[in-house]
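Trainee: sequence below, structure please.
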Amino acid sequence: MRWALVKVCLAVTAMVVIAFAVPLGLVIKEMARDRAFSDAERQAATIGPTLSITTDRGELETAVLTTEPGGEGRMAVHVPASEESDGRPVEIGTRRATREDVETVRTSGRASISEVTGGSALLQPTALGSGGIAVVEVFVPEGEVSNGVATAWLMLAGVGIALIVGSVAVADRLGVRMVKPAQRLAGAAHDLGEGRLGTRVREEGPTELRSAAVAFNSMADQVVQLLANERELAADLSHRLRTPLTVLRLNAASLGEGPAAEQTRAAVEQLEHEVDTIIRTAREQRPQTQGLNSGPGASCDASEVIRERMDFWSALAEDEGREVRLAGVDRTVRIPVARPELVAALDALLGNVFRHTQEGTAFAVDVHHSGDAVIVLVSDAGGGIADPKAALTRGGSGGGGERASVGSTGLGLDIVRRVAESTGGDVRIGRSVLGGTEVRIWIWLDGRGPGQGGRRRRVVRQRRLLRTAGRS
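Mentor: Got it, this is the predicted structure:
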């Protein structure tokens, strides 16, 4: 592409130079010729006054010698025969034109230029005092006719060559400016095709290439995002298997002793190990920031979902001798979260209670709501979480304490966090009134969270909700 552009520019510039330089060179040549013969006419005219007064040879010779061409032997005067010259024609100087050309000019009375050896001869008719016509001949050498033409042509050639070289240099720079971004874009596309997803290109070059670079970078970001979504889907769906696995593990623990019971417990442990492996493998890449199955218009009744999940987990709690308390779900509360997302979040929190606390440990779920927000509190009477900040980090395990058990992927709390953040809320971990861990989920009902204009008002409402939740 680069050399094609250079060739096109070279051809166009050469055509322009030829189109202008050749006619201009011919004009210069013609101007030099006109200048030379104009000077000859002017020199010939200087003899006119003398010829109008006398045709005496001596006086005419003196007049001819006083002129520049006469002094150089390039002027001749042809006077026809007359009584004053005893009936004989008078010729002064060296004649170069033929007699026929001289007679033709005398007869026609019009100036003429004749080609002679070494140059040209200007034949200028001049009226005599006696009424006859004399012819003044001025020789113009070839060098005078082309004087300065060669220099002018050399200058034109130099200018033309300079224009061609300059245009080639400019075309080469333009070609580099166009080709380099195109080559980088092609190389980035090749790298992206080979799996190097971090490849991006600089947005530079002509407008079209900048637009292509912007589109490429946007496409690459979208590819990365789509792959991250797939990995998140695999991780989250695998994590949802933990709920039935927890039930299986608890049921297997109550089977007693025996080969079948041991095989069942071993199988459940192996299955949990495989699920953990799938989750960790999927979590090795960059996380996704938007909840699954979420989108504009997704909503559910939080009270109904919480009652349903508590019915499920209460049966297991009864088997393990756990005391369960549920409050604040006596009325409908619609939140901007898809039902499967809220189910996954609740199962993750309640599954953690069963997985990381001893049998007989009590737990509670409380729901507090106002006009624009809902708080869901999941509390237990276990040993708590030593490092709440680390527990909220994607892939963290809780950072010590009872929750930092072997086999934890740390994905459960992240699922909860993403559900809350999808509405503009957040998740906080603290010490519960039962003495163990309290996970506090903020869900904003408008799905946007505190904006710039109403931020102070919502902070006040948030503090009021916290005080209400604390009293309960």
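Trainee: confidence-wise, which helix or strand of this protein is lowest on average?
Mentor: Ranked by mean pLDDT, DSSP states H and E, the weakest helix or strand in the chain is helix 455-471, scoring a mean of 49.
Trainee: was I right about A171 contacting L10?
Mentor: Yes. The pair A171 and L10 passes the contact test of C-beta atoms under 8 Å, sitting 7.3 Å apart. All C-beta spots, glycine's among them, are computed from the backbone N, C-alpha and C.
Trainee: which of the two has more residues huddled nearby?
Mentor: A171 (21 against 15; other C-beta atoms under 10 Å).
Trainee: so which residues of the stretch 151-300 of the chain form strands?
Mentor: Applying DSSP state E, counting those that start in this stretch to the stretch 151-300 of the chain gives strands spanning 300-301.
Trainee: where does pLDDT dip in it?
Mentor: Counting by pLDDT under 70, the stretch 151-300 of the chain contains low-confidence ranges at 176, 231-243, 270, 272-297.
Trainee: strands along the stretch 301-450 of the chain, start to end?
Mentor: So, for the stretch 301-450 of the chain - with DSSP E, counting those that start in this stretch - the strands run 324-327, 334-335, 363-369, 373-380, 427-431, 437-444.
Trainee: now for those strands, which one comes closest to P388?
Mentor: With C-beta to C-beta as the measure, strand 427-431 is the member of the strands of the stretch 301-450 of the chain nearest P388 (3.6 Å).
Trainee: who touches the closest one?
Mentor: Here strand 427-431 makes contact (C-beta atoms under 8 Å, 6 or more residues apart in numbering) with 384-385, 388, 391-392, 413, 416-417, 420, 437-442.
Trainee: next SSE downstream of the strand or helix carrying A40?
Mentor: A40 belongs to helix 2-45 when assigned by DSSP states H and E. Sequence order places helix 48-53 as the next helix or strand after helix 2-45, per DSSP H and E.
Trainee: that following helix packs against which elements?
Mentor: Judged by 3 or more C-beta pairs under 8 Å, 6 or more residues apart in numbering; DSSP states H and E, helix 48-53 is in contact with helix 57-65, strand 119-127, strand 133-141.
Trainee: parallel or antiparallel, which strands does the last one pair with?
Mentor: With DSSP bridges as the criterion, the sheet partners recorded for strand 133-141 are strand 75-79 (antiparallel), strand 119-127 (antiparallel).
Trainee: quick check: ChimeraX command selecting the buried ones in the contacts of strand 427-431.
Mentor: Remark: buried members of the contacts of strand 427-431, expressed as a ChimeraX selection using 16 or more other C-beta atoms under 10 Å:
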select :384,385,388,391,392,413,416,417,420,437,438,439,440,441,442
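Trainee: V149: which of the contacts of strand 427-431 is nearest?
Mentor: Among those, R417 lies closest to V149 (C-beta to C-beta), at 89.3 Å.
Trainee: ok, the closest one touching L392?
Mentor: Yes. Counting by C-beta under 8 Å, L392 is a contact partner of R417 at 6.0 Å.
Trainee: let me see the contact set for the residue nearest to Q358 when sequence neighbours are not counted.
Mentor: Nearest-residue entry for Q358: G382, 7.2 Å, with adjacent residues in sequence omitted and distances by C-beta to C-beta, 6 or more residues apart in numbering. Residues near G382 by C-beta under 8 Å, 6+ apart: V353, H356, T357, Q358, T361, E402, G436, T437.
Trainee: let's see it at 10 Å
Mentor: If a contact means C-beta atoms under 10 Å, 6 or more residues apart in numbering, then G382 has 352-353, 356-358, 361-363, 401-403, 432, 434-437 as its contacts.
Trainee: contacting residues around L350?
Mentor: Listed by C-beta under 10 Å, 6+ apart, the contact set of L350 reads 243, 246, 309-310, 312-314, 316-317, 324, 363, 365, 378, 380, 412.
Trainee: I meant P206, not that one.
Mentor: Taking C-beta under 10 Å, 6+ apart, we find P206 in contact with L174, R177, M178, P181, A182, A212.
Trainee: of all those, which two lie farthest apart?
Mentor: Farthest apart among the contacts of P206 - using C-beta to C-beta - are L174 and A212, which lie 17.5 Å from each other.
Trainee: neighbour-wise, which of the two wins?
Mentor: More neighbours surround A212 than the other of L174 and A212, with 18 against 15 (other C-beta under 10 Å).
Trainee: check contacts around the more buried one.
Mentor: Contacts of A212 (C-beta under 10 Å, 6+ apart): P181, A182, L185, A189, V201, E203, G205, P206.
Trainee: residues near the first one, how many?
Mentor: The local packing count at P181 equals 21, with neighbours defined by other C-beta under 10 Å.
Trainee: tell me the buried residues in stretch 158-172?
Mentor: Using 16+ other C-beta under 10 Å as the test for burial, stretch 158-172 gives G160, L163, I164, S167, V168, A171.
Trainee: which of these sits closest to N147?
Mentor: Here the nearest of the buried residues of stretch 158-172 to N147, counting by C-beta to C-beta, is G160; it sits at 22.3 Å.
Trainee: OK, contacts around the residue nearest to T104 when sequence neighbours are not counted?
Mentor: Counting by C-beta to C-beta, 6+ apart, T104 lies nearest to S112, which is 6.9 Å off, once chain neighbours are set aside. Neighbour list for S112: A97, D101, V102, T104, V105, A121, L122, L123, Q124, P125, V135 [criterion: C-beta under 10 Å, 6+ apart].
Trainee: okay, and the third one sits in which element?
Mentor: To tie it back to what came earlier, the one meant is V102. Counting by DSSP H and E, the element that carries V102 is helix 99-108.
Trainee: one more: the first one?
Mentor: Secondary structure assignment for A97, by DSSP H and E: no helix or strand.
Trainee: for it, give me the pLDDT.
Mentor: Listed pLDDT for A97 reads 87.
Trainee: what of the fifth one?
Mentor: According to the model's per-residue confidence, V105 sits at a pLDDT of 87.
Trainee: what about it, distance to I306?
Mentor: For V105, the distance to I306 equals 126 Å [C-beta to C-beta, to the nearest Å].
Trainee: re the thing from before, closest one to R88 out of the buried residues of stretch 158-172, please.
Mentor: Using C-beta to C-beta, G160 comes nearest to R88 of these, at 58.8 Å.
Trainee: residues contacting the residue nearest to the closest one when sequence neighbours are not counted?
Mentor: Distances taken as C-beta to C-beta, 6+ apart place V17 nearest to G160, at 4.0 Å, with adjacent residues excluded. V17 makes contact with L156, A157, V159, G160, I161, A162, L163, I164, S167, according to C-beta under 10 Å, 6+ apart.
Trainee: same check, this time on V138
Mentor: Contacts of V138 (C-beta under 10 Å, 6+ apart): 37, 39-45, 47, 67-70, 74-76, 93, 96, 113, 120-124.
Trainee: dump the contacts of S112 to JSON lines, plus neighbour count and distance to E257.
Mentor: Output for these, formatted as JSON lines (neighbours: other C-beta atoms under 10 Å; distance: C-beta to C-beta, whole Å):
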{"residue": "A97", "neighbour count": "23", "distance to E257": "144"}
{"residue": "D101", "neighbour count": "20", "distance to E257": "144"}
{"residue": "V102", "neighbour count": "22", "distance to E257": "149"}
{"residue": "T104", "neighbour count": "16", "distance to E257": "146"}
{"residue": "V105", "neighbour count": "23", "distance to E257": "146"}
{"residue": "A121", "neighbour count": "24", "distance to E257": "141"}
{"residue": "L122", "neighbour count": "25", "distance to E257": "139"}
{"residue": "L123", "neighbour count": "22", "distance to E257": "143"}
{"residue": "Q124", "neighbour count": "21", "distance to E257": "144"}
{"residue": "P125", "neighbour count": "19", "distance to E257": "148"}
{"residue": "V135", "neighbour count": "25", "distance to E257": "149"}
